[in-house]
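In: Dropping a prediction and its sequence here:
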Amino acid sequence: MAPFPGFLRQAAFKQQLSVAVTVGVFIFALFSSLLTSWQGSRQIRQTLLAQGEHIAENLANQSTLALLYASAENASGAVNTTLAFPDVKRVEIRLSSGQPLIVRGEASTAIGDTPLPEAMLHNAASLEMETGNSWRFVAPVRIKSSGDSPFEVTERKEEVLGFVRVVQSKETLSRMLVEIFLANIVISLLFAVAFLFAIRWLTGRMTRPITALSEAMSRAEHGESEVRAALSGPKDIRDMAQAFNSMISALQERERALRESQASYREVFDSVKEVIFQTDATGAWILLNPAWTEITGIEVAQALGRPLADLVHEEDRSLAAHWQGRLEKGEVQNCRFELRFTRGDGSIGWLEAAQHARWDESGEFAGTSGTLFDITDRRLAAERLGNLNAELENRVRVRTAQLEASNHELEAFSYSVSHDLRAPLRAIDGFANILVEDYAGQLDDTGRVHLQRIRTASQRMSQLIDDLLELARISRADIHYEATDLSGLVRDIARDMTEAEPARRADIVVADGRVAQADPVLLRVALDNLLRNAWKFTGKRDLAQIAFGSVGVATAEGGTETAYFVRDNGAGFDMAYADKLFLPFSRLHPVSEFAGTGIGLATVQRVILRHGGRIWAESEVGRGSTFYFTLPEPKI
């Protein structure tokens, strides 16, 4: 069996196919011949057995008189006729006791004088025994017993007179089996030969394209790049050839791409400003790009094979060894750290190392790969920045001290305004009031008008001082953020306004559930100024309409935010002057038309800006105004 696997490995597909088909055809021919012969032998055997039983039955029918009268002469004709049948070698006619009446045939087939078994006496002719060379058939000879009267109604019983035995040779069976087998073999071989010729022709037609494809593959294996397989033969072979050609084209394209990639990699490797490196398991350099020389001043050839520690400043070698050890143990897969290095001229620089571990196929530590980036300039800049930060912090401390001093001065000024300036104003207003009450009769109309103007001016000056102090307080006050119910604040302020002037007709609409993170004290100041501003400028309307709510507005970043608004149907203003709206002491309407100091909207803007929001207005003369403001989430 040993040469057979070698033949399968060495022989071509065509040879293997030819051998396989030939062996298969001959095995099939032999098997079909044997099967046909076996089937034919069964049919011939059944025929010969039926013939033997028929011969024995006929002989038994012709032996009745001979056995009845125990006369061998009466059976001679029947015996001779039976022996004349082919393959009949012996004939016996015996009495029921087994004693022979007549026995003729070959002596070699003689049988003892034993009676026929009881079971066979009542059967028709049957096979008594079979040997390798012959069959032995027996048939009982029976006669119905006669009665005294021909009119008996009871069926007469049969009486066994004896039996006949016929011995039939198997020569005809054996001869016919041989003839059938030989004929089947010859026919099968002829068919096999014809089939083999047809198969050989088909095999040649089928294997030629495969052989050509195999040769093309062999040429490709030996390095031919432009080899292509012919598209011939059956569809499957053509598909295989097409796939081979596509594969060769793809491989050529990949080789071209690989060459280009390698060239690009080499170009990048040589031109990149960072050092690209690899070390072996001991920490020695095994790969460095030209940037190494530019940064360190050491030639690549001089550095390869030397340990990494030779480059590192002695004070940072423990740091490099620490990360090398952790990478080698697998505690980390990559790391990034900064260290000092010594250039070829002895100067000191800074590097940022990015390093990761390499492992071989067996899982053993093979070294590291990574990059080195020269951060000397960055470190020097960081040092200079640190010095500048220190200087800046010192300046901030100085400026903070100056600002605190200014705040103290501002507080002192506020106190002076609150106490020193209010006293003369109160005196002016008080004495003017005494003149009006006690000496009004001594003054003419012009004098009384002048006194009233003095009182009005002093009161307005007092209100202006109060507003300035409020603005200063708001600018200095700390902000305490909490969830503030804006809707509730608006309702409280609206209730105060309507209770103060119950004769006015007003429709004030407040949206529910408007809550924001803000300082409730400062927000009340802002809302109070906005609502009283709307209340003031709707004073000439039969029905004042004021609304508070919120809308979504776009942000500069492209998102959306919530804007709260106070809308009225008052006098409105010209949008051309909107840029002056929030300036202190700036008024868009004369005092004679609408009272005020010009500080209220400046105070509102200061509150909103301190919350990090923004405020703007939209208006049309004679159709009212809408003030919008935002309150961003506080940054904790």
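Out: Good, I have the coordinates.
In: Do I have it right that R343 meets E294?
Out: No - taking contacts as C-beta atoms under 8 Å, R343 lies outside contact range of E294: 10.8 Å. C-betas here are computed from N, CA, C, even on glycine.
In: more crowded one of these two?
Out: In this view R343 and E294 are compared by other C-beta atoms under 10 Å, and R343 has more residues nearby, 14 against 11.
In: Next up, phi/psi of that one, please.
Out: For R343, the backbone dihedrals (degrees, to the nearest 10) come out as phi -70, psi 170.
In: same question, the one 10 residues further on
Out: Backbone torsions of A353, given as degrees, to the nearest 10, read phi -100, psi 130.
In: ok, it to D492 distance?
Out: Separation of A353 from D492 (C-beta to C-beta, to the nearest Å): 65 Å.
In: who has more neighbours, the two?
Out: Comparing A353 with D492 by other C-beta under 10 Å, the one with more neighbours is A353, at 22 against 13.
In: Surely that one touches N334?
Out: No - using C-beta under 8 Å, A353 is not in contact with N334; the gap is 10.7 Å.
In: domains for this structure, by residue range?
Out: Here the domain parsing of the chain from automatic domain parsing is 1-144+158-224, 228-271, 272-374, 380-476, 480-630.
In: Pick out the shakiest of those domains, pLDDT-wise.
Out: Mean pLDDT values for the domains of the chain show the minimum at domain 380-476, a mean of 70.
In: Name every strand pairing with the host helix or strand of L287 and say which way it goes.
Out: Taking DSSP states H and E as the criterion, the element that holds L287 is strand 285-288. According to DSSP bridges, strand 285-288 forms sheet pairs with strand 275-279 (antiparallel).
In: Confirm for me that E338 is in contact with L351.
Out: Yes - if you go by C-beta under 8 Å, E338 and L351 touch, sitting 7.0 Å apart.
In: Now the common contact residues for those two.
Out: I375 (C-beta atoms under 8 Å, 6 or more residues apart in numbering).
In: what about the two, which has more around it?
Out: Legend: neighbour count by other C-beta under 10 Å for E338 and L351, higher for L351 (24 against 14).
In: Just grab the bridge partners of A518 for me.
Out: Listed beta-bridge partners, A518: E482 (assigned using DSSP bridges).
In: Relative to A544, how far out is it?
Out: Relative to A544, A518 is positioned 27 Å away (C-beta to C-beta).
In: Next: V551.
Out: Taking C-beta to C-beta, one finds V551 at 22 Å from A544.
In: So which of those two has more stuff around it?
Out: Shown here are V551 and A544; by other C-beta under 10 Å, A544 has more neighbours (22 against 11).
In: Please name the spatially closest residue to the more buried one (chain neighbours excluded).
Out: Leaving aside its chain neighbours, A544 sits nearest to T538 (3.7 Å; criterion: C-beta to C-beta, 6 or more residues apart in numbering).
In: Give me the distance between the one you found and R395.
Out: Noted for T538: a distance of 51 Å to R395, by C-beta to C-beta.
In: from memory R165 sits against R94, does it?
Out: Yes - between R165 and R94 there is a contact under C-beta under 8 Å: 7.0 Å.
In: ok but E618 is inside a helix, no?
Out: No - in this structure, E618 is strand, not part of a helix, as judged by DSSP: H, G, I helix; E, B strand; the rest coil.
In: Show me what it is bridged to.
Out: With DSSP bridges as the rule, E618 is bridged to T626.
In: Can you tell me how far it is from W359?
Out: Distance of E618 to W359, computed by C-beta to C-beta: 69 Å.
In: circling back to that earlier point, residues contacting the residue nearest to A544?
Out: T538 sits next to 506, 544-546, 568-571, 624 when contact means C-beta under 8 Å, 6+ apart.
In: next one: M176
Out: Contacts of M176 (C-beta under 8 Å, 6+ apart): 40-41, 44.
In: 10 Å instead?
Out: 37, 40-41, 44-45, 47-48 (C-beta atoms under 10 Å, 6 or more residues apart in numbering).
In: what number of residues lie near the nearest residue to G330 once chain neighbours are set aside?
Out: With sequence-adjacent residues excluded and distances taken as C-beta to C-beta, 6+ apart, G330 is closest to A357, at 7.1 Å. Residues lying near A357 (other C-beta under 10 Å) number 21.
In: SS state for A357?
Out: With three-state DSSP as the criterion, A357 reads strand.
In: of the contacts of T538, closest to G386?
Out: G386 lies nearest to D568 out of these, by C-beta to C-beta, at 56.1 Å.
In: Tell me which stretches of the stretch 201-350 of the chain form strands.
Out: Counting by DSSP state E, counting those that start in this stretch, the stretch 201-350 of the chain has strands at residues 275-279, 285-288, 334-342, 348-359.
In: and the angle from the third one to strand 348-359?
Out: Meaning strand 334-342. 150 degrees (axes from the mean of the first three to the mean of the last three C-alpha atoms, to 10 degrees).
In: residues of strand 334-342 that come out buried?
Out: Neighbour counts using 16 or more other C-beta atoms under 10 Å place 335, 339-342 of strand 334-342 among the buried residues.
In: Quick one: neighbours of W38, just the number.
Out: Around W38 there are 12 residues (other C-beta under 10 Å).
In: can you tell me which helix or strand it belongs to?
Out: Here W38 is assigned to helix 13-62, by DSSP H and E.
In: Mind listing residues that contact stretch 443-450?
Out: Residues from elsewhere that reach stretch 443-450 (C-beta under 10 Å, 6+ apart): 432, 435-436, 439-441, 451.
In: middle-most residue in the chain, spatially?
Out: Q333 (25.9 Å; C-alpha atoms, centre = their mean).
In: That one is in contact with G370, isn't it?
Out: No - at 11.7 Å, Q333 does not count as touching G370 under the criterion of C-beta atoms under 10 Å.
In: can you list residues touching both of the two?
Out: Among the neighbours of Q333, those also in contact with G370 (C-beta under 10 Å, 6+ apart) are 327, 356-357.
In: Strands of the stretch 351-500 of the chain, residue ranges please.
Out: Counting by DSSP E, counting those that start in this stretch, the segments of the stretch 351-500 of the chain that form strands are 365-374, 482-485.
In: Quick one: list the elements packing against the last one.
Out: Applying 3 or more C-beta pairs under 10 Å, 6 or more residues apart in numbering; DSSP states H and E, one finds that strand 482-485 makes contact with strand 515-518, helix 520-537.
In: For I199, find the nearest of the ones you listed.
Out: Of the helices and strands packed on strand 482-485, nearest to I199 by C-beta to C-beta is strand 515-518, at 93.1 Å.
In: got the buried residues for that closest one?
Out: 516, 518.
In: what comes into contact with that strand?
Out: With C-beta under 10 Å, 6+ apart as the contact definition, strand 515-518 has outside contacts at 479-489, 523-524, 526, 550, 562, 564, 607-608, 610-611, 613, 630-634.
In: so who does K170 touch?
Out: By C-beta under 10 Å, 6+ apart, the neighbours of K170 are 45, 48, 87, 130-135, 177.
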